[in-house]
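*Asks:* Got a predicted model here, sequence first, then my questions.
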Amino acid sequence: MPRNVIVGHDALLQIPGIIADLNINGPIMLLSGDTTMKTVGAKVQDLLQEQGFDLVTGIVGRITYDEIKRIETVVQKAHAVLIVAVGGGRVIDTAKVVSYNLDIQFISVPTAASHDGIASSRASVVTEAGNVSVAAQPPLAIVADTGVIATAPHRLLAAGCADIIANYTAILDWELSHRLTGESISEYAVTLSKITAEILVKNANLIAHNDETAVWIVVKALFSSGIAMSIAGSSRPASGGEHKFAHMLERLAPGVALHGEACGIGTILGMYLHGGDWKSISQSLKQIGAPTTPSDLGISDEVCVQAVLRAREIRPERFTIFDTGITREAALAAVKALYEV
Ligand SMILES: NC(=O)C1=CN([C@@H]2O[C@H](COP(=O)(O)OP(=O)(O)OC[C@H]3O[C@@H](n4cnc5c(N)ncnc54)[C@H](O)[C@@H]3O)[C@@H](O)[C@H]2O)C=CC1
Ligand SMILES: O=C(CO)COP(=O)(O)O
Ligand SMILES: [Zn+2]
């Protein structure tokens, strides 16, 4: 669990104080993305250098095992004793795995409320066989500056909401697997994950404004969802069939959708396949401003159908509604239903 969670306006200003309290002895590695380094990363760099911290910087690319190895080497060569990760989910996940492998601490500084990995002890790594969820280091501290995050495009915030709304089907899938395969389940993790999605949906009208209040609501939900994953010791409470669909969609149409956007569409499809209230999931996503159809993403229905049919290739050991032998006709009907709301 993170020791220190700071969410609020100008929270970035607290980073030097948090690090000073750690009494670390050695350089700090500031990791960021190619875009975020130029904005928020540079701001954090200035703040730390003004306070005289010994700082080295690195840019993180796509999260693969090769990239993780490369960053590990950079951190080792710099003899860094702490990582400060400033960026989206990709940067934070990379820092989580690198700090875990090198047994050093890291601080999570999300620049967007676009994913629920800001607090979790899991990381999602892209491999040829699809995304794998690996054990990683939870952050020592989380610093979420609502002012900074509110300046990010609304698309990112909406994607973060969709990543939380995915908890509805993630839980249905976990319960299904518990009943059909005997997979163990955590009542605490299930409850926290569900409540998080419910609170988020209840506040959908506020989130649509994309102001600091909206960011505050979403960041709290992302944190809470991450804690549910930490309690479970796996991403199960926040990642079911809708995530398998999303990871497959990313493979079939790379870079088209944000992670959360693909998960949102996967959630409507998953809820439809479960026979649940998929229309209200679609309405909540629309209200928040997240895409709900392949055409919203600019991809063909056929790619979406393929992602439904091939979702089971991702993490096959995780049993979900997408692993129950869906026919092409059923997949077509599910994708067609996306346009009904
Ligand atoms: N470990 C976990 O439990 C979880 C991990 N993830 C992982 O996180 C990643 C998805 O996270 P994302 O943040 O969507 O992806 P990302 O890190 O690729 O960021 C998406 C885009 O947003 C941009 N961006 C970030 N902050 C910005 C800002 N303030 N202003 C303008 N642009 C900004 C980035 O430059 C990038 O182009 C995936 O790799 C996913 O698998 C997602 C959920 C949970
Ligand atoms: O994205 C996640 C939860 O939102 C977790 O990632 P995985 O789908 O890789 O387990
Ligand atoms: Zn996710």
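*Replies:* Right, received. Where do you want to start? All values reported here derive from a predicted model rather than from experimental measurement. Numbering: from 1, shown residues only. Ligands and ions are numbered 1, 2, ... in the order given.
*Asks:* do you know how far the residue nearest to residue 185 when sequence neighbours are not counted is from ligand 1?
*Replies:* Leaving aside its sequence neighbours, residue 185 sits nearest to residue 178 (CB to CB, 6 or more residues apart in numbering; 4.3 Å). In short, each C-beta sits where N, CA and C put it, glycine included. Applying CB to the nearest ligand atom, to the nearest Å, the value for residue 178 to ligand 1 is 21 Å.
*Asks:* my guess is residue 178 meets residue 184, correct?
*Replies:* Yes: Residue 178 is within contact range of residue 184, at 7.3 Å (criterion: CB atoms under 8 Å).
*Asks:* Between those two, tell me which one has more neighbours.
*Replies:* residue 178 (15 against 9; other CB atoms under 10 Å).
*Asks:* tell me the phi and psi of the residue nearest to residue 185?
*Replies:* phi -60, psi -40 (degrees, to the nearest 10).
*Asks:* Does residue 134 belong to a helix, a strand or coil?
*Replies:* Secondary structure state of residue 134, per DSSP: H, G, I helix; E, B strand; the rest coil, is strand.
*Asks:* residues from the chain in reach of ligand 2?
*Replies:* 116, 124, 131, 133, 163, 235, 238, 239, 243 (CB under 6 Å from any ligand atom).
*Asks:* quick one: the one helix or strand the second one maps to near ligand 1?
*Replies:* If you go by DSSP states H and E, residue 124 is part of strand 122-127. Yes: Strand 122-127 is in contact with ligand 1 by CB under 6 Å from any ligand atom, via 122, 123, 124.
*Asks:* Against which helices or strands is the worst-scoring helix or strand of the chain on mean pLDDT packed?
*Replies:* Lowest by mean pLDDT, DSSP states H and E among the helices and strands of the chain is strand 130-135, with a mean of 86. Counting contacts by 3 or more CB pairs under 8 Å, 6 or more residues apart in numbering; DSSP states H and E, strand 130-135 packs against strand 122-127, helix 241-252.
*Asks:* how about the last one against ligand 1, any contact?
*Replies:* Read that as helix 241-252. No: Helix 241-252 does not reach ligand 1 (CB under 6 Å from any ligand atom); its nearest approach is 7.6 Å.
*Asks:* Looking at the residues of the chain next to ligand 2, which gets the smallest pLDDT?
*Replies:* Comparing pLDDT over the residues of the chain next to ligand 2, the lowest score belongs to residue 131 (83).
*Asks:* Wait, that residue touches residue 124, no?
*Replies:* Yes: look at residue 131 against residue 124 with CB under 8 Å: they come within range, at 5.0 Å.
*Asks:* where do the contact lists of the two overlap?
*Replies:* residue 247 (CB atoms under 8 Å, 6 or more residues apart in numbering).
*Asks:* Contacts for the helix or strand where residue 72 lies next, please.
*Replies:* Assigned by DSSP H and E, residue 72 falls within helix 65-77. Applying CB under 8 Å, 6+ apart, the contact partners of helix 65-77 are 29, 31, 56, 58, 60-61, 83, 94, 97-98, 101-102, 104, 125, 127.
*Asks:* ok, now with 7 Å
*Replies:* Helix 65-77 has contacts (CB atoms under 7 Å, 6 or more residues apart in numbering) with 29, 31, 58, 60-61, 83, 94, 97-98, 101-102, 125, 127.
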